[in-house]
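Chemist: Quick one, what's the 3D model for this:
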Amino acid sequence: MSGEQVLVCPDCQVDDWTAALDPCPSCGSTALVKRLGDVVCRGRGVVTPGSTDRTAAAPQPPVREALARDVADALDRVLGCG
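Modeler: Down below sits the predicted model:
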């Protein structure tokens, strides 16, 4: 699922619903947690570092870009960094 954390309601957990989930590269478990950009396997503790290259990140939808700009502008106003 492109490295993003998702929640799946119990009613949707039918048939082979885990087939679309990203597995741990070490053990194949789909019990993964994303912490500070790194993906951690809850089964074995294997850490897959997140990308630090901003250009490699997937393009964000326009709504997220607008929200990011709004948050940055608000922080500049509050912290006086602008």
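Chemist: For stretch 31-38, the averaged confidence score.
Modeler: Stretch 31-38 carries an average pLDDT of 84.
Chemist: Ok, stretch 20-28 next?
Modeler: Averaging pLDDT along stretch 20-28 gives 86.
Chemist: just stretch 74-82 next, same as before
Modeler: 81.
Chemist: next one: that stretch to chain centre, how far?
Modeler: 27 Å (Cα atoms, centre = their mean, to the nearest Å).
Chemist: Only the C-alpha atoms, please, for that stretch, written as PDB.
Modeler: Output of stretch 74-82 as PDB, limited to C-alpha atoms (Å, rounded to 0.1, in the frame of the first residue of the first chain):
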ATOM      1  CA  ALA A  74       0.800  29.500  10.600                       C
ATOM      2  CA  LEU A  75       4.100  28.400  12.100                       C
ATOM      3  CA  ASP A  76       5.900  31.300  10.500                       C
ATOM      4  CA  ARG A  77       3.300  33.700  12.000                       C
ATOM      5  CA  VAL A  78       3.500  32.200  15.500                       C
ATOM      6  CA  LEU A  79       7.200  31.700  15.600                       C
ATOM      7  CA  GLY A  80       8.100  34.900  13.700                       C
ATOM      8  CA  CYS A  81      10.200  33.000  11.100                       C
ATOM      9  CA  GLY A  82       8.800  34.600   8.000                       C
END
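Chemist: Please, where are all the strands along this structure?
Modeler: 32-35, 38-41, 47-48 (DSSP state E).
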